[in-house]
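> model the following, please.
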Amino acid sequence: MKAVLVSLDLLMNKSKKAKSFGNPSNDDKLEDIEAFKYLLYVLDLLEQRKLHCTAQFYSCLLFEGARLGGLYKKIASIIQSTRTDSLQLKVHVSDEEPSNSLKLVGWIDLIENYSEYRDRLDQMTLPPVLVRTNEKEIRLVLSAEQSVTYNAIRKRKKKLPQIKR
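Here you go, the predicted model:
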């Protein structure tokens with residue numbers, strides 16, 4: 001997994017952090033989009049074989065989606081919502097699948113056909129993302145998940161002027 005991230009130059013370091021705040025050229029943006037799609041393809045392959053991904057791979061995927069923004073951040077947010085820890089696997093035994101639930105082919109299918117699936121996402125069964133984390137990597141995972149979480153804007157109460165007596 002680490003070799004994939006190194007070859008795509010997705011591991012965060014000081015120069016990568018500094019570069020991510022600048023305005024990338026169109027060629028760099030296209031390369032970054034292709035790298036993100038490749039990570040989704042690898043995630044699909046892992047899910048087909050019911051394998052776990054490392055916390056580093058998972059966090060790089062989320063950080064890259066957040067950095068690209070727009071649709072890619074939305075896909076990364078959906079991936080974050082389907083994450084399952086490797087220690088908390090859920091097993092469901094049933095002869096038939098629910099009829100009202102539609103199954104996606106994979107994450108690549110979702111990103112390429114998002115306009116068709118957008119209104120039916122709550123009815124679909126999305127592929128789970130199995131992540132293996134340890135105590136040292138939990139901060140990295142939480143930071144990556146925070147970068148793709150859509151937070152509501154909170155309205156702060158205005159302080160009332162205090163009356164002097």
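> where does T84 land in three-state SS?
strand (DSSP: H, G, I helix; E, B strand; the rest coil).
> looking at the chain, which helix or strand is least sure?
Every helix and strand in the chain was compared by mean pLDDT, DSSP states H and E; the lowest is helix 14-20, with a mean of 47.
> name the residues that touch the helix or strand just after that helix?
Sequence order places helix 26-48 as the next helix or strand after helix 14-20, per DSSP states H and E. With CB atoms under 8 Å, 6 or more residues apart in numbering as the test, helix 26-48 has contacts from 4, 8, 10, 24, 52-53, 57, 60-61, 64-65, 67-68, 72, 75, 79, 106-108, 111, 127-130. Heads up, the C-betas are built off the backbone N, CA and C, glycines and all.
> quick check: the closest residue to P127 other than its chain neighbours vs I111, distance?
Once flanking residues are discounted, P127 sits nearest to E47: 4.6 Å by CB to CB, 6 or more residues apart in numbering. The gap separating E47 from I111 is 14 Å, by CB to CB, to the nearest Å.
> cool, T84 as well?
Taking CB to CB, one finds T84 at 20 Å from I111.
> ok, the two, which is more surrounded?
Ranked by neighbour count (other CB atoms under 10 Å), T84 and I111 place I111 first, with 19 against 13.
> secondary structure element for that one?
Short version, using DSSP H and E: I111 is in helix 107-112.
> count of neighbours near the residue nearest to P127?
That count, for E47 with other CB under 10 Å as the rule, works out to 18.
> cool, K50 as well?
9.
> equivalent analysis for R139, please.
Counted with other CB under 10 Å, R139 comes out at 12.
> same thing with the one 4 residues further on?
If you count neighbours by other CB under 10 Å, S143 ends up with 12.
> could you find the closest non-adjacent residue to it?
The nearest residue in space to S143 (CB to CB, 6+ apart) is S59, at 7.3 Å.
> so what's the one you found scoring on pLDDT?
Model confidence at S59, given as pLDDT, is 92.
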